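Enquirer: Prediction below, plus the sequence it came from.
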Amino acid sequence: MNKWEMVIGLEVHSELKTRSKIFCGCSTRFGSSPNSNICPVCLGLPGVLPVLNQKVLEFAIKAGLALNCRIAAHSKFDRKNYYYPDLPKNYQISQYDLPIAENGWLDVEVGDGIKRIGITRIHMEEDAGKLVHAGSTITSSSHSLVDYNRTGVPLIEIVSEPDLRSPEEARAYLEKLKAILEYIEVSDCKMEEGSLRCDANISLRRHGQTKFGIKTEIKNLTSFRAVQRGLEYEAGRQQTILDEGGVIEQETRSWDEEKGVTVLLRGKEHAHDYRYLPDPDLVPLEIDRQWVEELKKQLPELPSARKQRYIEQMGLSDYDAGVLTASRATADYFEQVLAAGASPKGAANWVTVELAGKLNQSGLTISQSPVPAAQLAQLLKLIDDRVISGKIAKDVFARMWQTGKEPEQIIREEGLTQISDDDSLRQMVEQVISQHPQTVADFHAGKEKAVGFLVGQIMKLSRGKANPEIVNRMLREKLLEG
Amino acid sequence: MTMPYYSIGEIHTLLVSRETSAEALCRDYLERIEKINPEINAYITTDPDGALNAARAVDRLLAAGEDLHPLAGVPAIIKDNICTRMLRTTCGSRILGQFVPPYSATVVERVNAVHGVILGKGNMDEFGMGSSNENSAFGPARNPWDPTRVTGGSSGGPAAAVAANIAVWGLGSDTGGSIRTPASFCGVVGMKPTYGRVSRYGLVAYASSLDQIGPFAASVEDVAIAMNCISGYDPADSTSARTSVPDFCAGLKKGVRGLKIGLPREYFGEGIRPEVSAAVMAAAAKLSDQGAECTEISLPHTEYALAAYYIIAPAEASSNLARYDGVSYGSRIDGDDIIAMSCKTRSRLFGMEVQRRIMLGTYVLSSGYYDAYYLRALKIRRLIKGDFDRAFASVDAIIAPVVPDVAFRIGEKTDDPLTMYMTDVCTIPVNMAGLPSLAIPCGLVDGLPVGLQIIGRPMAEAEILQIGHCAEQIIGFAGIANKTKAGAL
């Protein structure tokens, strides 16, 4: 790749999580039995008319604001005409020349810096239905089935400028975009459910060249990993052609996840002519500035600002702050732990390591965590108060995860309270010293490691309940006395 | 049997005084349909069971002493592009030949809510595309004044049914003259309301920015009664107006004294048969006698309206009709794969005129042609609207012919689409400007009805109904509907 520079732009479709569809009252619920969330309007029956769901407009404006866009004062819907059996009207109601939001940007962390990626536009549109083929493709199947539940589910399409320069940057951009849409609660962004979809445009040019090369569009990128891999593959494919003196064809290609290659979907000569026209069934939108200002005020703190706050006000590391703010749910959980009295550093450590580990193992999201934030805070307080050691706390946490019991109850039931009482500790110290004369001798000969061994023995004896700090101090005193 | 041309008011009186029952009236009309419809072909589908059920419901209300809406129990015909739940709605097309909607249009719900009696569905040019009703997959409707002649279109069925007294009133739709032209050819009254006055929800779209539902009846008063029922904002139609709806009957008898009426010179010149111009002018003169002030005006961009219409309407139609692909409803002709299936379905089940307009519309929206055709047509549309705006600064209403000539013979113009398109030259500008217009009969030429139209300001249906009512009284045409051949059966 050294000779060539990648130029990448992404088109992201995100389902808005409104309760009803964009132009009718049907539910948007995912996973309902086929063709159960449908009505004459979303089926496009003769004579029906669309009526805009105001919530869709609100969510699209919020997305525009969160991505630093200019919100249009005048906007409208257009018809994008093309034939496909998952599209009941054979046109999609979308937006063409007056999208709801334009000219935004998004700051993405790449390498050790921050890069500003331009957002060309955001527009609203309706989703199509889902085809299930009896065979592998629509033309080779004896028949296909159509599920119209998804028809009319609201989408926003977010188009980036061709500002991305590597598959890693593309992935980082997507992750940041997903975090923002989740933060402002307009989309669930579940790629596996198709509520976040991505098409990528990529071309190569020589470093230093300002003119863009000929691009190809990659479709069927169904995961973050697929976006990165698909772009890597396509960059390599284009490079091979260019290195051999060939010419890139402007075409649409599809990512084949199993084979790890992109395959031709359609060439330039088969590019659609969508014959856009203003939708005469929907009146033009006049966007009230005051409403936009109100929506702006309602926006929550966005990931970048939150991360900055964690670093500056809580003294967290850049890494921890980044992990905690990558999803709103995690950051919210973290702040609930703090609100229940925990210290930022302890809470950050436990949320990003112990809790994240358990969640990962069991495939749960943080909002499904069996340990609520308040209980985690209780556990952290017990450590701070030296009732239990950090090591014991991990066991207690595991029990909390399994049983749902409060940490104090587990400690009480299992007798896990840390031993800080001098008499019992002194007894154990004396016992260990008398049992290991050789080690004591080693210590006096200057072997510092010997102390660690003896502490370990005392911890074993106490079954982990001894307060390690006190043991350490007491042991040294005793050894030096002797 | 002969049946007097009862007005809606007379039927209401007969029902309330219990001189007849709604059921008996309904049976009489169903019987007349059976006898007369084979010749006139006004109905594509009749619904005897539904109509009788509705009529019996009216009789139960009467028996219970309930107040009746003026339209309760009054037999009506609904154009077959207006959806009726569980009643076949074909749009005059083979492609929807077996289509039974699972829902009713808002206007149908409104008619049902006042216990109107829907006898059946009216013949029409396929998807509203035509001026003579000859583009119907179910054969042309025939003019009751002379069954060898066309009814006009596209709402030929409802117009012919009212003229032949096989319905008391009806609903049609008007995209470029589709209510006014057949009203004029059949000698009945028809109104195209202001765009947005009546909900389009459930009207199968031809050209959405021009389509508007409106009533037919034998008199202006009956049209006003129907307008009272169907008008008003509908949350299911984003383009319906939130304007309040007056009582359209209230001011009918106010006369025309002091009203300024404009006669646009562009509507009385070349291409208009002199006898038609003369009949409209004579009516205007009678209105002057009644105290109206008639002046000549100019609507300078009129000559471009037809050309612009045949870009805008097909453009919208090409998109609106894309859904008839054989996939999930309507009729289908199988093919080897989905593309072949859709191509066969569309090329065999759409008629020639519909295919012509789909191709025109597809062409004008294509990349590279959009600006040259569609955008320029929209500019002309604004100029036409501007013409009317300027005219209405100095006049209260505009009077013009509806059609350049009387009803022509069936088959006379079918080989020449451009000549056929000229039929709508006087009606199209009104749709382009979204204005209300009332067509009323104003005389006979060659023994066939001639119509005039009264065009009003946006939302000024009450004013043009008032002028129309006055004109109707002084012209004295209402009575001659009895002379239609079929009506005398």
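Expert: Nice, I can see it.
Enquirer: which stretches of the stretch 351-482 of chain A have low pLDDT?
Expert: Residues of the stretch 351-482 of chain A meeting the criterion pLDDT under 70: A:418, A:420-421, A:482.
Enquirer: Mind doing that once more with 90?
Expert: A:362-363, A:365, A:367, A:382-395, A:404, A:408-482 (pLDDT under 90).
Enquirer: residue ranges of the helices in it, please?
Expert: A:356-362, A:373-384, A:390-403, A:407-414, A:422-435, A:437-444, A:449-461, A:468-481 (DSSP state H, counting those that start in this stretch).
Enquirer: got the contact list for the last one?
Expert: Around helix A:468-481, the neighbours that count as contacts under C-beta atoms under 8 Å, 6 or more residues apart in numbering or on different chains are A:389, A:420, A:422, A:425-426, A:428-430, A:432-433, A:440, A:443-444, A:451, A:454-455, A:458-459. Where you see a C-beta, it was placed from the backbone N, CA and C, and this is true even at glycine.
Enquirer: Only whichever of those are buried, select them in ChimeraX.
Expert: Here is the ChimeraX selection string for the buried members of the contacts of helix A:468-481, based on 16 or more other C-beta atoms under 10 Å in any protein chain shown:
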select /A:389,425,428,429,432,433,440,443,451,454,455,458,459
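Enquirer: Ends of stretch A:25-34, what's the gap?
Expert: 17 Å (C-alpha to C-alpha, to the nearest Å).
Enquirer: And it, how far out from the chain middle?
Expert: Between the mean C-alpha location of stretch A:25-34 and the chain-wide mean there is a distance of 24 Å, by C-alpha atoms, centre = their mean, to the nearest Å.
Enquirer: and the nearest residue to A:Tyr96 once chain neighbours are set aside, backbone torsions?
Expert: Leaving aside its sequence neighbours, A:Tyr96 sits nearest to A:Asp78 (C-beta to C-beta, 6 or more residues apart in numbering or on different chains; 3.9 Å). Per-residue torsions, A:Asp78: phi -130, psi 160 (degrees, to the nearest 10).
Enquirer: wait, doesn't A:Asp78 sit right on A:Gln92?
Expert: No: A:Asp78 is not in contact with A:Gln92 according to C-beta atoms under 8 Å; the separation is 9.4 Å.
Enquirer: list the buried ones in stretch B:136-144?
Expert: Those would be B:136-138, B:140-144, for stretch B:136-144 by 16+ other C-beta under 10 Å.
Enquirer: can you tell if that stretch touches chain A?
Expert: No: judged by C-beta under 8 Å from any C-beta of the partner chain, stretch B:136-144 stays clear of chain A, getting no closer than 14.9 Å.
Enquirer: what residues does that stretch touch?
Expert: Outside stretch B:136-144, the residues that touch it by C-beta under 8 Å, 6+ apart are B:39-42, B:44, B:90, B:92-94, B:97, B:122-126, B:130, B:132-134, B:148-152, B:156-157, B:159-160, B:163-164, B:185-186, B:351, B:407, B:410, B:448, B:484-487.
Enquirer: Spit out the contact partners of the residue nearest to A:Tyr96.
Expert: With contacts defined as C-beta under 8 Å, 6+ apart, the neighbours of A:Asp78 are A:93-97, A:276-279.
Enquirer: out of these, which are buried?
Expert: Neighbour-count burial (16+ other C-beta under 10 Å) is assigned, among the contacts of A:Asp78, to A:93-96, A:276-279.
Enquirer: of all these, which two lie farthest apart?
Expert: Greatest spacing in those, by C-beta to C-beta: A:Gln95 and A:Leu277 (12.4 Å).
Enquirer: Can you list the residue ranges for strands in the stretch 201-350 of chain A?
Expert: Listed in chain order, the strands of the stretch 201-350 of chain A (DSSP state E, counting those that start in this stretch) span residues A:216-221, A:251-256, A:261-267, A:277-278, A:285-286.
Enquirer: try the stretch 51-200 of chain B
Expert: Remark: strands assigned in the stretch 51-200 of chain B by DSSP E, counting those that start in this stretch are B:75-79, B:117-122, B:142-143, B:146-150, B:169-173, B:189-192.
Enquirer: returning to that earlier point: out of the contacts of A:Asp78, which is nearest to chain B?
Expert: A:Leu277 (5.7 Å; C-beta to the nearest C-beta).
Enquirer: Need phi/psi at the residue most central in space within chain B.
Expert: When C-alpha atoms, centre = their mean is applied to chain B, the residue found nearest the centroid is B:Ile179 (2.1 Å). In terms of degrees, to the nearest 10, the main-chain angles of B:Ile179 are phi -100, psi -50.
Enquirer: just A:Val110 next, same as before
Expert: According to degrees, to the nearest 10, A:Val110 has phi -130, psi 130.
Enquirer: Correct me if wrong: it contacts A:Glu169.
Expert: Yes: contact criterion C-beta under 8 Å: A:Val110 and A:Glu169 qualify, at 5.2 Å.
Enquirer: Between the two, point out the one with more neighbours.
Expert: Taking neighbours as other C-beta atoms under 10 Å in any protein chain shown, A:Val110 and A:Glu169 compare with A:Glu169 leading, 21 against 17.
Enquirer: In contact with the more buried one, which residues?
Expert: So A:Glu169 contacts A:8, A:108, A:110, A:115, A:117 (C-beta under 8 Å, 6+ apart).
Enquirer: Equivalent analysis for A:Val455, please.
Expert: A:468, A:471-472, A:475.
Enquirer: quick check, nearest of those residues to B:Phe392?
Expert: For those, the residue nearest B:Phe392 by C-beta to C-beta is A:Pro468; the value is 93.8 Å.
Enquirer: And B:Phe216, which helix or strand is it part of?
Expert: Element membership for B:Phe216 (DSSP states H and E) is strand B:213-217.
Enquirer: per-domain residue ranges of chain A.
Expert: Domain assignment for chain A, taken from automatic domain parsing, gives A:4-292, A:301-414, A:422-481.
Enquirer: For B:Arg356, find the nearest of these.
Expert: Evaluated over the domains of chain A, closeness to B:Arg356 peaks at domain A:4-292, with 17.2 Å, by C-beta to C-beta.
Enquirer: Now the closest one: average pLDDT?
Expert: In this model, domain A:4-292 has a mean pLDDT of 94.
Enquirer: Now do that domain: distance to the chain's middle.
Expert: Distance, stretch centre to chain centre, for domain A:4-292: 18 Å (C-alpha atoms, centre = their mean).
Enquirer: Can you measure across that domain, start residue to end residue?
Expert: End residues of domain A:4-292 are separated by 43 Å (C-alpha to C-alpha).
Enquirer: near chain A, which residues of the stretch 101-250 of chain B?
Expert: Residues of the stretch 101-250 of chain B found near chain A (C-beta under 8 Å from any C-beta) are B:101-103, B:105, B:200-205, B:207-209, B:235-239.
Enquirer: which ones are touching A:Lys76?
Expert: A:95, A:98, A:278-279, A:282, A:284-285.
Enquirer: Now with 6 Å, please.
Expert: A:Lys76 makes contacts with A:98, A:278, A:284, as judged by C-beta atoms under 6 Å, 6 or more residues apart in numbering or on different chains.
Enquirer: Nearest residue to the last one in space, ignoring adjacent ones along the chain?
Expert: Once its chain neighbours are removed from consideration, A:Pro284 has its nearest residue in A:Lys76; the separation is 4.4 Å (C-beta to C-beta, 6+ apart).
Enquirer: Quick check: the gap between that neighbour and chain B.
Expert: Going from A:Lys76 to chain B by C-beta to the nearest C-beta, to the nearest Å gives 12 Å.
Enquirer: Phi first, then psi, for that residue.
Expert: Per-residue torsions, A:Lys76: phi -160, psi 170 (degrees, to the nearest 10).
Enquirer: Could you do A:Met124 as well?
Expert: The phi/psi pair for A:Met124 (degrees, to the nearest 10) reads phi -100, psi 150.
Enquirer: What residues are bridge-paired with it?
Expert: A:Ile156 (DSSP bridges).
Enquirer: Tell me the most packed of the contacts of A:Val455, by neighbour count.
Expert: Neighbour counts for the contacts of A:Val455, by other C-beta under 10 Å, peak at A:Val471, which reaches 24 neighbours.
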